[in-house]
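[1] What follows is a predicted protein model with its sequence.
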Amino acid sequence: MPQPFTQQVTFLYTAVLPETAHFYETILELPLVLDQGACRIYRVAGSAFLGFCQHLTGGAKTEGVILTLVSDDVDGWYTYLRQKGVVFEKAPTLNEKFNIYHCFLRDPNGYLVEIQRFLDPEWPQERMKEEG
């Protein structure tokens, strides 16, 4: 068996890198960890990263992509981002089918961004809290 994975990076295409950088750095306040010129990589949590690249080919295919940011404070993020002028597609609601509490907005590229809290005690983060 090889060594385990130690980090995770998701790269997405952007045609509007300056607007994308403003959104993720100024609105969501994600720390920029690496600026490669045509790509900017942000720390989302721990060893999970999100990168936006202008040089990728094929254009932005935003349909079917959901970027989910997990937080225990969905309502706090909703209020905070609305104060920054963010327009939401869906206010925080309970989704009984998936046992989550979430809201939706779009980033400058048209990607659907979900802010979500897992209510299921089987979700690993909840178990880590109980064990820690």
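    Perfect, thanks for sending it.
[2] what separates the spatially most central residue of the chain from Ala15, distance-wise?
    In the chain, the residue lying closest to the centroid (CA atoms, centre = their mean) is Leu69, at 4.0 Å. Applying CB to CB, to the nearest Å, the value for Leu69 to Ala15 is 22 Å. Backbone N, C-alpha and C define where each C-beta goes, glycine included.
[3] again, but for His22
    Applying CB to CB, the value for His22 to Ala15 is 14 Å.
[4] for Gln8, same thing?
    For Gln8, the distance to Ala15 equals 24 Å [CB to CB].
[5] pretty sure Asp120 contacts Tyr101?
    No - judged on CB atoms under 8 Å, Asp120 makes no contact with Tyr101 at a distance of 11.0 Å.
[6] of those two, who's got more company?
    Ranked by neighbour count (other CB atoms under 10 Å), Asp120 and Tyr101 place Tyr101 first, with 17 against 9.
[7] Now do the contacts for the more buried one.
    74, 92-95, 116-117, 119 (CB atoms under 8 Å, 6 or more residues apart in numbering).
[8] Which residues does it form beta bridges with?
    Judged by DSSP bridges, the bridge partners of Tyr101 are Leu94, Arg117.
[9] got the residue ranges for the helices in the protein?
    Taking DSSP state H to define them, one finds helices in the chain at 17-22, 74-83, 124-131.
[10] Mean neighbour count and mean pLDDT added to those, as a markdown table?
    Shown next, in a markdown table, are those (neighbours: other CB atoms under 10 Å; pLDDT from 0 to 100):
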| stretch | mean neighbour count | mean pLDDT |
| --- | --- | --- |
| helix 17-22 | 16 | 96 |
| helix 74-83 | 15 | 98 |
| helix 124-131 | 10 | 53 |
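[11] which stretch among the ones you listed comes nearest Lys61?
    The closest of the helices of the chain to Lys61 is helix 17-22. By CB to CB, the value is 15.2 Å.
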